[in-house]
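Q: Model the following, please.
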Amino acid sequence: MTTKHRHSFWHLWGGPLVMGVLTAVGLVSALFSDGGLGDAVAWVALGVPVGVCIWYGWRPRQSSSQPH
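A: Presented below is the predicted three-dimensional model:
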């Protein structure tokens, strides 16, 4: 695997993998925690993906200069 190929893999899949890991950690923490630090971890780990989705959902679309 070349460096360019490895770079393009992380460029494409890095964000979704981080979001998936954060979501999994948040869900497991919420399931097994009984208050305190576990709840805080769950809130943060589940809040970050929601915040990212809201951010990208409300961003103005970039218009392309090419006609359809």
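Q: Please make it C-alpha for all contacts and neighbour counts, starting now.
A: Fine.
Q: What lies in contact with stretch 23-33?
A: With contact meaning Cα atoms under 8 Å, 6 or more residues apart in numbering, stretch 23-33 is reached by 38, 39, 41, 42, 43, 44, 45, 46, 49.
Q: if you set the cut-off to 6 Å instead, what comes out?
A: 38, 42, 45, 46 (Cα atoms under 6 Å, 6 or more residues apart in numbering).
Q: Mind telling me what element the third one is part of?
A: Following DSSP states H and E, the helix or strand that holds residue 45 is helix 37-58.
Q: and the longest helix for the protein?
A: Longest helix in the chain, counting residues (DSSP state H): helix 3-32.
Q: for it, which positions count as buried?
A: 19, 22, 23, 25, 26, 27, 29, 30 (16 or more other Cα atoms under 10 Å).
Q: Widest-spaced pair of those residues?
A: 19 and 30 (16.2 Å; Cα to Cα).
Q: Flag the shaky bits of this structure, pLDDT-wise.
A: Within the chain, the stretches with pLDDT under 70 are 1-3, 5-6, 64-68.
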